[in-house]
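[1] requesting a structural model of the entry that follows:
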Amino acid sequence: MTRKAIALLSGGLDSLLATRLVLDQGIEVEAINFYTGFCVEGHTHAIRQQNPDKPRRNNALWSAEQLGIPLHFIDIAEEYKNAVVLNPRHGYGKYLNPCLDCKVFMVGKALEWGRERGFDFIITGEVIGQRPKSQLKRTMPIIARESGAEDRLLRPLCAQLLPETLPEREGWVNRDLLRGFHGRNRTPQIELARELGFEDFAQPAGGCCFLTDPNYTSKLADLWKVRDERDYSMDDILLLKVGRHLRPNARFKVIVGREEGENNFLEGYRKTFVALRSVSHKGPLALIDGTPNAEDLQTAARLVARFGQGRDAEIVAMEVTRQGTVGELLQVRPMANADIPQEWYV
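    Now for the predicted structure:
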């Protein structure tokens, strides 16, 4: 009887290798990629071209293609918001990252999905000591227990350093063919990737979640502080990923596009926010979030003029759009860089 496993496939190197180690033992594997709203790749990589020599791609989809397995994209954003982001049982990490609660939740959802479809166990790419909150030897049993997966959770990259799981005890997989990786050094994974024939793969360094990013989480904390509530909409968390964010006061914030892709994305919100754009010089599109008064609007226009090609001009003409309709035209002197307080940058 062929056994079946569900792999949590992020698109990173670790989950790619973990899945391949199990596939090579004759297990039938399908993969899941969960959408939370906070994935770096799922949004920023799609609209910003930071490295023009590197093709844009969804690495989870690419990994599944390399492995030759089905990949299921599952939207858990709303459940994730309430169960993980806003109310993490185990608290946050260094920033607003509820990593332990996140892993418990995702493994639990994978278990639920797999049970309904006759899968026998779950694969993750976790490595002992790689992450400071969720990938510690003392926290790994918490994930297995609280998710409900128990010993049906297999971590192929560090399995030899952990107690035997059900798939190993039952002989579904050979423990000797798994690995005992640990720590933050990714050299063993890169060597294994070469050994398995993977020449092109996502770089292993860095995180894939915005909640581990200090710049992003400072914007989220600012949002919660100004609104005096810990909540967010999907539009909120998408906009926090885009542009420069400057808050001159508690009444309003300016979101300024940094490049063409971001400007194009912000265009989709011109009917929702007050928008500013120079009509006398090339420059970015900017949105105003909040309830600015007339003086605030002048300040915002001067700020936006500073980030366009008219930054050294005497006067820049700024077009104001409200609910998608062009309103007044402001003639403003661009703000000098030295006149922008550092504390305005969120």
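[2] so what touches the strand or helix carrying Ala305?
    Ala305 is part of helix 294-306 when elements are defined by DSSP states H and E. By CB atoms under 8 Å, 6 or more residues apart in numbering, the residues outside helix 294-306 that reach it are 246, 248-249, 251-252, 254, 256, 274, 276-278, 281, 283-284, 286, 288, 292, 311, 313, 316, 318, 320, 330, 332-337, 340. Any C-beta I mention is one placed from the backbone N, CA and C, and that applies to glycine too.
[3] please list only the buried members of the residues you listed.
    246, 248, 252, 254, 256, 274, 276-278, 281, 283-284, 286, 288, 292, 316, 318, 320, 330, 332, 334-335 (16 or more other CB atoms under 10 Å).
[4] distance between stretch 77-96 and the chain's centre?
    Remark: stretch 77-96 is offset 14 Å from the chain centroid, using CA atoms, centre = their mean, to the nearest Å.
[5] residue ranges with poor pLDDT in the chain?
    Across the chain, the ranges flagged by pLDDT under 70 are 41-56, 133, 202-207.
[6] who's in contact with the most centrally placed residue in it?
    Per CA atoms, centre = their mean, the C-alpha nearest to the average position across the chain is that of Cys39, at 2.1 Å. By CB under 8 Å, 6+ apart, Cys39 lies in contact with 208-210.
[7] what does Cys99 give?
    Contacts of Cys99 (CB under 8 Å, 6+ apart): 93, 131, 133-134, 212.
[8] surely Val326 meets Met318?
    No. Counting by CB atoms under 8 Å, Val326 stays clear of Met318, with 11.4 Å between them.
[9] now the strands for the stretch 101-250 of the chain?
    121-123, 153-154, 244-249 (DSSP state E, counting those that start in this stretch).
[10] need these in a markdown table with distance to Asp176, can you?
    Compiled in a markdown table, the strands of the stretch 101-250 of the chain are given as follows (distance: least, CB to CB, whole Å):
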| stretch | distance to Asp176 |
| --- | --- |
| strand 121-123 | 17 |
| strand 153-154 | 14 |
| strand 244-249 | 52 |
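[11] most tightly packed of those?
    Greatest average neighbour count among those goes to strand 153-154 (a mean of 28), per mean count of other CB atoms under 10 Å.
[12] quickly run through the sheet partners of it, with directions.
    Paired strands of strand 153-154, with direction, are strand 121-123 (parallel) (DSSP bridges).
[13] count of residues packed around Val107?
    23 (other CB atoms under 10 Å).
[14] OK, contacts around the spatially closest residue to it that is not a sequence neighbour?
    Take Val107 and drop its neighbours on the chain: the residue closest to it by CB to CB, 6 or more residues apart in numbering is Ser147, 3.8 Å away. Contacts for Ser147 (CB under 8 Å, 6+ apart) come out as 103-105, 107-108, 111, 153.
[15] top of the contacts of Cys39 by neighbour count?
    Ranked by neighbours (other CB under 10 Å), the contacts of Cys39 are led by Phe210, which has 25 neighbours.
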